[in-house]
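>>> Make a model of this:
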Amino acid sequence: QVQLVESGGGLVQTGGSLRLTCAASGGTFSNNGMAWARQAPGKEREFVATISMLDGRASYRDSVKGRFTISRDNAKNTVYLQMTSLKPEDTGVYYCARNLPGTAEWDSWGQGTQVTVSS
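Numbering: from 1, shown residues only. Coordinates of the predicted model:
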């Protein structure tokens, strides 16, 4: 059974930084896409960044480009999200997800980690 466990969230002031970690286990990940998504109170979940575990290609939503960096460590089945220049609008629960290769389906999700950016 696939398990994704996020950590690293917390309370930070505007302009601060946090590094989120997603530890994956119980399945295969080397050919999968992985992603970080977030959900703010009263809003829909949105994807923040994605990465191919196969070749490391990454993509970002426009609002985080230049501030967030997604990376992976295939040996550890771990995905990271380095967040800098944080803004109050970055506040939310951040989730890690795994994509089924060749599909648009995200079949596994973690429990989430809270990120709060104070103004």
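
>>> what are the bridge partners for Ser108, then?
Here Ser108 sits in beta bridges with Arg98, as judged by DSSP bridges.

>>> what residues are up against it?
Contact partners of Ser108, counting by Cβ atoms under 8 Å, 6 or more residues apart in numbering, are Val2, Gln3, Leu4, Gly27, Ala97, Arg98. C-beta coordinates here come from the backbone N, C-alpha and C atoms, glycine included.

>>> Tell me how far it lies from Thr28.
11 Å (Cβ to Cβ, to the nearest Å).

>>> Check Ser118 too.
39 Å.

>>> Same question for Ser85.
Using Cβ to Cβ, Ser85 is found at 35 Å from Thr28.

>>> Of all the residues in the lowest-mean-pLDDT helix or strand in the chain, which ones are buried?
Every helix and strand in the chain was compared by mean pLDDT, DSSP states H and E; the lowest is strand 106-109, with a mean of 94. Residues Trp106, Ser108, Trp109 are the ones in strand 106-109 that count as buried (16 or more other Cβ atoms under 10 Å).

>>> Next: stretch 26-36.
Going by 16+ other Cβ under 10 Å, stretch 26-36 has these buried residues: Phe29, Asn32, Gly33, Met34, Ala35, Trp36.

>>> Go through those residues and flag which are in strands.
Applying DSSP state E to the buried residues of stretch 26-36, the entries found in strands are Gly33, Met34, Ala35, Trp36.

>>> For the closest residue to Ala23 other than its chain neighbours, give me its contacts.
Distance criterion Cβ to Cβ, 6 or more residues apart in numbering; nearest residue to Ala23, sequence neighbours excluded, is Val5 at 4.8 Å. By Cβ under 8 Å, 6+ apart, the residues touching Val5 are Cys22, Ala23, Ala24, Ser25, Cys96, Gly110, Gln111.
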